[in-house]
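Undergrad: Output the structure for:
(4 chains)
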Number of protein chains: 2
Amino acid sequence: MSSIHDPKQNHLLGAIPDDEFERIAPHLELVSLERSELLYEFDEALEYGYFPTTLIASLLCSMEDGTSAEVAVVGNEGVLGVSIFMGGQTSLTQVTIQHSGHAYRLKSSILKAEFDHCGSLQHLLLRYTQTLIVQMSQTTGCNRRHSVEQQLCRWLLLNIDRLPTDELRMTQELIANMLGVRRESITEAAVRLQDAGLISYSRGRIQILDRHRLEAQACECYDIVKKQYDSLLADLADKAVG
Amino acid sequence: MSSIHDPKQNHLLGAIPDDEFERIAPHLELVSLERSELLYEFDEALEYGYFPTTLIASLLCSMEDGTSAEVAVVGNEGVLGVSIFMGGQTSLTQVTIQHSGHAYRLKSSILKAEFDHCGSLQHLLLRYTQTLIVQMSQTTGCNRRHSVEQQLCRWLLLNIDRLPTDELRMTQELIANMLGVRRESITEAAVRLQDAGLISYSRGRIQILDRHRLEAQACECYDIVKKQYDSLLADLADKAVG
DNA sequence: TGCGGTCTGTACGCTGTCGCACATTAACGC
DNA sequence: GCGTTAATGTGCGACAGCGTACAGACCGCA
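TA: Numbering: from 1, shown residues only, chains lettered A, B, ... in the order given. Below is the predicted model:
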């Protein structure tokens, strides 16, 4: 394939054996999604599962009062629409696009059928779902105990890990929506981080200047989630070889 | 069985077909667990999965500073040790016993093997894991946006739903640990609820007096989680018959 | 019947975050 | 360039929850 797009840019699709991949490959459909797009509404029936390659999505818990809080972030390490194979038919959370990019989508029926083969894909999807659970759990604790600044550091790191660059295109307003805090609280924290030389930003572009110190500034939650994903990726690498 | 204990008091075990149940039944071992017991540590290898019948357990995210926050509560509708079948070998969260009682435990190897039969049990366990994800997601949002009093209402309801009585044996101190707040904050909220006639309590015994108003006082989070479980239980009932 | 410990109630000052209002600055289309 | 709009900066009062300290209430036990 001469295209710059390749389903195997998604770590899960990249890790399944050839025979399983060939079975679903004809059904994979490349889609481009823009920031702020609502991919799934909570409790909505799911037509497709999505395997992101370059986009980042956000799983949100949206409240009656109109506010929302991010429960997890999903990029090319994962899949959107876990309830398709988990057995429910409807989305477990609201899902929005946080960073524009591409994904390969697969009809729910086909994804479910392949899952039910009980092969490698099933194993990978379940293993991935597990990391998602850890991320959600850690986010819960983080919301309860840690400062906005710590959470911002965690959030920046989680996102930059899922992008090829060290620049994020994201306004403080949007970050505030993700973290479920005021825009001004993000501004205050961002000013401090910029003054300290950890990041620099202007009008929707955030540069990570000192990743190491940013990690030090973040709460332990980032480390825990990161380790979990690293162990998943190590698993995936094993699969891809073996 | 003349015993008052029966594995089928657990909704998941009660919903699998006879042939699958017979296969695991010889391996089920009744255990009695006491409040505050640490069942799993985070990231610890899991020797057993547990199907609670009368106990209630709490999945906790524990922080470096020694505090913790509950991410989900599990009773006889569920199972402890989802990572056994999800493919990781280690616990996704810390798990403690919140209310003394009984559970049937099953060696991890046997649980995993039965799961890999891709039969009814697999479907049920995945379906249950899904409700767990919804509960965790909602807890995340609740921690972010709702008052201690609202969270206390939610917590009381979630627990009372998993017990046969309308009395909870639980000190304010323990509730505070679960919700990740100060003991005094629970006292203040509890005083208000008692003054309003919704509950009455004394020294570790909490009576629910007006369940309906308690639901009204709780945030939407309880309803959402409850509906999710109701839909799971409806599924289970279908399975048990069909 | 009194004693010790556990559980609950209350008070006070502190801090982080909120909600709001408004000022300032950079990017973009014309 | 020029004005519009989106994005960011800042200030201020309000308030929920925190940490600490201590007082009362109830329970079991000697």
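
Undergrad: those strands in chain A, which residues are they?
TA: Under the criterion DSSP state E, strands of chain A are mapped to A:29-33, A:38-40, A:48-52, A:56-62, A:68-74, A:94-99, A:101-107, A:167-169, A:199-202, A:205-208.

Undergrad: So which of the ones you listed is nearest DNA strand D?
TA: Smallest distance to DNA strand D across the strands of chain A (C-beta to the nearest atom of the strand): 5.6 Å, for strand A:199-202. Every residue, glycine included, has its C-beta placed from N, CA and C.

Undergrad: buried sites along the closest one?
TA: Buried residues in strand A:199-202, counted by 16 or more other C-beta atoms under 10 Å in any protein chain shown: A:Ile199, A:Tyr201.

Undergrad: just checking, what packs against that strand?
TA: Applying 3 or more C-beta pairs under 8 Å, 6 or more residues apart in numbering or on different chains; DSSP states H and E, one finds that strand A:199-202 contacts helix A:183-195, strand A:205-208.

Undergrad: and chain A, which of its residues are near DNA strand C?
TA: Residues of chain A lying near DNA strand C by C-beta under 7 Å from any atom of the strand: A:Ser147, A:Val148, A:Glu149, A:Gly180, A:Val181, A:Arg182, A:Glu184, A:Ser185, A:Ser202, A:Arg203.

Undergrad: Buried subset of those, written for ChimeraX?
TA: Per 16+ other C-beta under 10 Å, the buried members of the residues of chain A next to DNA strand C correspond to this ChimeraX selection:
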select /A:148,149,180,181,185
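
Undergrad: Go through the residues of chain A next to DNA strand C and say which is closest to chain B.
TA: A:Gly180 (4.3 Å; C-beta to the nearest C-beta).

Undergrad: Tell me which residues touch the residue lying closest to that closest one once chain neighbours are set aside, please.
TA: Distances taken as C-beta to C-beta, 6 or more residues apart in numbering or on different chains place A:Ala69 nearest to A:Gly180, at 3.4 Å, with adjacent residues excluded. Residues in contact with A:Ala69 (C-beta atoms under 8 Å, 6 or more residues apart in numbering or on different chains) are A:Leu60, A:Cys61, A:Met63, A:Asn143, A:Met178, A:Leu179, A:Gly180, B:Thr140, B:Gly141, B:Arg144, B:Arg145.

Undergrad: Find the residue closest to A:Ala15 in space, skipping its chain neighbours.
TA: Closest to A:Ala15 by C-beta to C-beta, 6+ apart is A:Leu236, at 3.8 Å.

Undergrad: Model confidence score at that neighbour, please.
TA: pLDDT for A:Leu236: 84.

Undergrad: how close does it get to chain B?
TA: A:Leu236 sits 12 Å away from chain B, going by C-beta to the nearest C-beta, to the nearest Å.

Undergrad: quick one on the thing from earlier: name the nearest of the residues of chain A next to DNA strand C relative to A:Glu220.
TA: A:Ser147 (13.1 Å; C-beta to C-beta).

Undergrad: list the contacts for that closest one?
TA: Per C-beta under 8 Å, 6+ apart, neighbours of A:Ser147: A:Ala189.

Undergrad: Distance check, the residue nearest to A:Gly180 against B:Pro7.
TA: 38 Å (C-beta to C-beta, to the nearest Å).

Undergrad: that older thread, what is the neighbour count of the residue nearest to A:Ala15?
TA: 19 (other C-beta atoms under 10 Å in any protein chain shown).

Undergrad: Would you enumerate the residues in contact with A:Pro164?
TA: When contacts are taken as C-beta under 8 Å, 6+ apart, A:Pro164 is in contact with A:Thr54.

Undergrad: Now the phi/psi pair for it, please.
TA: phi -80, psi -20 (degrees, to the nearest 10).

Undergrad: Does the longest helix belonging to chain A reach chain B?
TA: Determined from DSSP state H, the single longest helix within chain A is helix A:120-145. Yes: contact between helix A:120-145 and chain B, assessed by C-beta under 8 Å from any C-beta of the partner chain, occurs at A:123, A:126-127, A:129-130, A:132-134, A:136-141, A:143-145.

Undergrad: Skipping adjacent residues, who's closest to A:Asp6 in space?
TA: For A:Asp6, ignoring the flanking residues on the chain, the nearest one in space by C-beta to C-beta, 6+ apart is A:Thr53 at 7.4 Å.

Undergrad: before we move on, what about A:Gln89?
TA: A:Ala45 (5.6 Å).

Undergrad: Could you tell me which residues make contact with the nearest residue to A:Ala237 once chain neighbours are set aside?
TA: Leaving aside its chain neighbours, A:Ala237 sits nearest to A:Ala15 (7.4 Å; criterion: C-beta to C-beta, 6+ apart). By C-beta under 8 Å, 6+ apart, A:Ala15 lies in contact with A:Ser120, A:Leu124, A:Leu236, A:Ala237, A:Lys239, A:Ala240.

Undergrad: any idea how far the residue nearest to the fifth one when sequence neighbours are not counted lies from A:Leu125?
TA: Of all residues not flanking A:Lys239 in the chain, A:Ala15 sits nearest, at 4.5 Å (C-beta to C-beta, 6+ apart). Distance, A:Ala15 to A:Leu125, using C-beta to C-beta: 11 Å.

Undergrad: what sits against the most centrally placed residue in chain A?
TA: Closest residue to the average C-alpha location of chain A: A:Val74 at 1.2 Å, with C-alpha atoms, centre = their mean. Contact analysis of A:Val74 by C-beta under 8 Å, 6+ apart lists A:Pro52, A:Ile56, A:Ala57, A:Ser58, A:Leu59, A:Leu80, A:Leu132.

Undergrad: do the same with A:Leu152
TA: So A:Leu152 contacts A:Ile175, A:Leu179, A:Ile186, A:Ala189, A:Ala190, A:Leu193 (C-beta under 8 Å, 6+ apart).
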